[in-house]
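Peer 1: got a sequence here, can you build the structure:
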Amino acid sequence: MAKKKAPASQRREESLSRDCIIEASIELLDSSGESGLTFRALSERLATGPGAIYWHVANKSDLLAAACDAVVARAMNQTVVTTPESTIRAVALGWFDVIEEHPWVGSALTSSPELSPIVRILERIGQQIRNLGVSDEQQWASVGTLMAYILGVSRQNAANGEFARTRGLDRSDFLEAVSTAWSQLDPQQYPFARSVAPRIRDHNDRMDFLAGIDLILDGIKSSRGGDDV
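Peer 2: Presented below is the predicted three-dimensional model:
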């Protein structure tokens, strides 16, 4: 007896992989942001119907979480493990670059019920803190401080970049505007802000970010009695 052929729509659903859908979603998010990720736009990009996509993902929230996790996993897998402190720096800079390249990831990071993207970063940082010999009592505070700094500063940097882009400013124009505004603040109320205003024009976001990581690592070293980190 001849084998019955599957309906054409089912064959399309089976031939369209979840990975393919996720990659197309990442492209849409990069080009149009979270609002641009719709099943209609995704169907057009993949030249298929919405039903074929729903075969693999439940809804937009599921799709956004999967896209976010794929980007984070890729960044974590690229980290070269050497010493614990250099791995922490590499993870931090890798995440910084992810947010700069994919600004939508910052807001999408907590969209997964399991928070798997955050767990990937947490686990990588936590293992290195253990490898540094940090006591059990101090591990949570050490990891939490690093996580708060890495996620917070990266998201703020992405927000600054998005602010400049939506107003048609390149980075130098944006920093020049901020520097000028700070230099005109009341000297009695904002003496420090005025003093650092000139440095805003040509500062390096990545180097400033890494300097903050080193300050935290120095603090961890100090809490362990001065051992090298």
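Peer 1: I'd like the next helix or strand past the helix or strand bottoming out on mean pLDDT in the chain.
Peer 2: Within the chain, confidence by mean pLDDT, DSSP states H and E is lowest for helix 8-15 among all helices and strands, at a mean of 47. Beyond helix 8-15 on the C-terminal side, the first helix or strand identified by DSSP states H and E is helix 18-32.
Peer 1: what does that following helix rub up against?
Peer 2: 36-37, 41-42, 45-46, 53, 56-57, 63-64, 66-67, 70-71, 101-102, 104, 108 (CB atoms under 8 Å, 6 or more residues apart in numbering). C-beta: built from backbone N, CA, C; applies to glycine.
Peer 1: among these, which ones are buried?
Peer 2: Buried residues within the contacts of helix 18-32, defined by neighbour count using 16 or more other CB atoms under 10 Å: 37, 42, 46, 53, 56-57, 63-64, 66-67, 70-71, 102, 104, 108.
Peer 1: where's the most centrally placed residue in the chain, which helix or strand?
Peer 2: By CA atoms, centre = their mean, the chain has its centre lying nearest to I99, at 3.8 Å. Per DSSP H and E: I99 is located in helix 84-101.
Peer 1: that helix: what's the following helix or strand?
Peer 2: Going down the chain from helix 84-101, the next helix or strand is helix 104-108, by DSSP H and E.
Peer 1: after whichever strand or helix holds W182, which helix or strand is next?
Peer 2: Using DSSP H and E, W182 maps to helix 171-183. As assigned by DSSP H and E, the chain's next helix or strand after helix 171-183 is helix 191-200.
Peer 1: please name the residues that touch P84.
Peer 2: P84 touches Q128, I129, N131, L132, V229, counting by CB under 8 Å, 6+ apart.
Peer 1: same thing but at 7 Å, please
Peer 2: Q128, N131, L132 (CB atoms under 7 Å, 6 or more residues apart in numbering).
Peer 1: just the buried subset of the residues you listed, please.
Peer 2: Q128, L132.
Peer 1: closest to V153 among the contacts of P84?
Peer 2: Set against V153, the nearest of the contacts of P84 by CB to CB is Q128 (18.5 Å).
Peer 1: per-residue pLDDT, the closest one?
Peer 2: Model confidence at Q128, given as pLDDT, is 94.
Peer 1: secondary structure class of it, three-state.
Peer 2: When classified by DSSP: H, G, I helix; E, B strand; the rest coil, Q128 comes out as helix.
Peer 1: how close does the residue lying closest to it once chain neighbours are set aside sit to M207?
Peer 2: Distance criterion CB to CB, 6 or more residues apart in numbering; nearest residue to Q128, sequence neighbours excluded, is P84 at 4.0 Å. To M207, P84 is 21 Å away according to CB to CB, to the nearest Å.
Peer 1: got it, and R40?
Peer 2: In terms of CB to CB, R40 sits 42 Å off from M207.
Peer 1: quick one: work out the angle between the lengthiest helix in the chain and helix 171-183.
Peer 2: Among the segments of the chain that qualify as a helix by DSSP state H, the longest is helix 136-166. With axes from the mean of the first three to the mean of the last three CA atoms, to 10 degrees defining the directions, helix 136-166 sits at 100 degrees from helix 171-183.
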